[in-house]
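**Q** Here is a sequence with its predicted model. Questions after.
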Amino acid sequence: MAQNELLYGIHALESVINREPERLIELFVLKGREDDRLHNIINQARRFGISVQFCQRKTLDDKVNGEQHQGVVARAKPGKQYSENDLAEIVEKADNPFLLILDGVTDPHNLGACLRTAEAAGAHAVVVPKDKSAALTPTVRKVASGAADVIPLVQITNLARTLRELQEAGVWIIGTAGEAKQNLYECKLTGPTALVMGAEGKGMRRLTRENCDELIKLPMAGTVTSLNVSVATGVCMFEIVRQRSL
């Protein structure tokens with residue numbers, strides 16, 4: 001059985017208490033903090049019969065190892081875990097599948113930011129390998145600002161195999177690479193699409209690159225040669241959104 005997890009941050013707690021209040025077991029709140037959104041979380045927790053404890057800042061800091069908790073931490077039952085079978089079902093049910101695939105993104109802040117961007121862009125899922133990738137930690141949930149409870153984060157065991165299965169399902173795999181011949185704005189991105197973003201510095205792994213249908217790059221006009229992966233993801237995803245809305 002999966003262990004209980006810690007959640008923290010105003011956005012993350014608002015999302016869970018609005019969508020899945022049954023997951024929350026216990027709420028720990030900073031004593032003396034005056035905040036309307038925090039009061040709303042407390043009131044909803046009490047309405048659902050969730051225990052609320054008021055604590056000193058050090059107690060909260062210790063619970064989250066010094067991360068920014070915004071005065072609220074919760075102990076919760078684990079959320080749904082998504083696998084390859086779920087991904088196949090998501091793609092099958094979507095009218096025009098739109099996926100984000102992250103190859104080797106290990107920083108939880110980047111994963112959280114990518115989840116937030118993907119949810120805002122209307123993607124159907126974010127896909128990550130089980131190995132050499134950040135997992136859905138409390139830090140990821142906080143940075144995602146509630147998006148982690150809305151958009152599925154699918155962990156898969158073999159990325160190359162998953163890419164081939166997506167291709168068989170009619171999804172066009174677009175990889176991002178500095179050596180690509182065409183840039184983002186020269187590419188048609190209106191059909192079923194999976195955008196693959198590689199790790200900062202290293203980019204996509206060789207096998208991942210070889211399984212892409214097309215490679216694109218961002219046109220870089222300045223002296224900087226690359227962007228943070230979450231920023232680049234936002235640029236690419238919203239170009240896809242723009243093209244799909246035409």
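**A** The structure has been received and is ready for your questions. Numbers count the residues shown, from 1 in each chain.
**Q** just the helices in the protein please.
**A** Under the criterion DSSP state H, the chain carries helices at the ranges 10-19, 36-47, 57-63, 84-93, 108-120, 138-144, 159-168, 206-210, 229-244.
**Q** what's the closest non-adjacent residue to residue 200?
**A** Counting by Cβ to Cβ, 6 or more residues apart in numbering, residue 200 lies nearest to residue 229, which is 5.1 Å off, once chain neighbours are set aside. Every residue, glycine included, has its C-beta placed from N, CA and C.
**Q** Could you report the separation of the closest residue to residue 8 other than its chain neighbours from residue 168?
**A** Spatial nearest neighbour of residue 8, chain neighbours left out: residue 69 (4.0 Å); criterion: Cβ to Cβ, 6+ apart. Remark: distance between residue 69 and residue 168 (Cβ to Cβ, to the nearest Å) = 44 Å.
**Q** swap in residue 112?
**A** Taken as Cβ to Cβ, the span from residue 112 to residue 168 is 31 Å.
**Q** Give me the more crowded residue out of those two.
**A** The residue with more neighbours, out of residue 112 and residue 168, is residue 112; 25 against 8, by other Cβ atoms under 10 Å.
**Q** and the more buried one, what does it touch?
**A** Residues in contact with residue 112 (Cβ atoms under 8 Å, 6 or more residues apart in numbering) are 139-145, 148.
**Q** what ranges of the protein fall below the confidence cut-off?
**A** 1-2, 225 (pLDDT under 70).
**Q** on that earlier part again, most packed of the helices of the chain?
**A** For those, the largest average neighbour count (mean count of other Cβ atoms under 10 Å) is found in helix 138-144, namely a mean of 25.
**Q** Report the two of the contacts of residue 112 separated the most.
**A** Within these, 139 and 145 form the most distant pair, 12.2 Å apart (Cβ to Cβ).
**Q** sorry, back to before: mind checking which of the helices of the chain is nearest residue 74?
**A** Of those, nearest to residue 74 by Cβ to Cβ is helix 10-19, at 5.8 Å.
**Q** Tell me which residues are up against that closest one.
**A** 7, 23-24, 27, 35, 37-38, 40-41, 44-45, 48, 70-72, 74, 76, 138, 141-142, 144-150.
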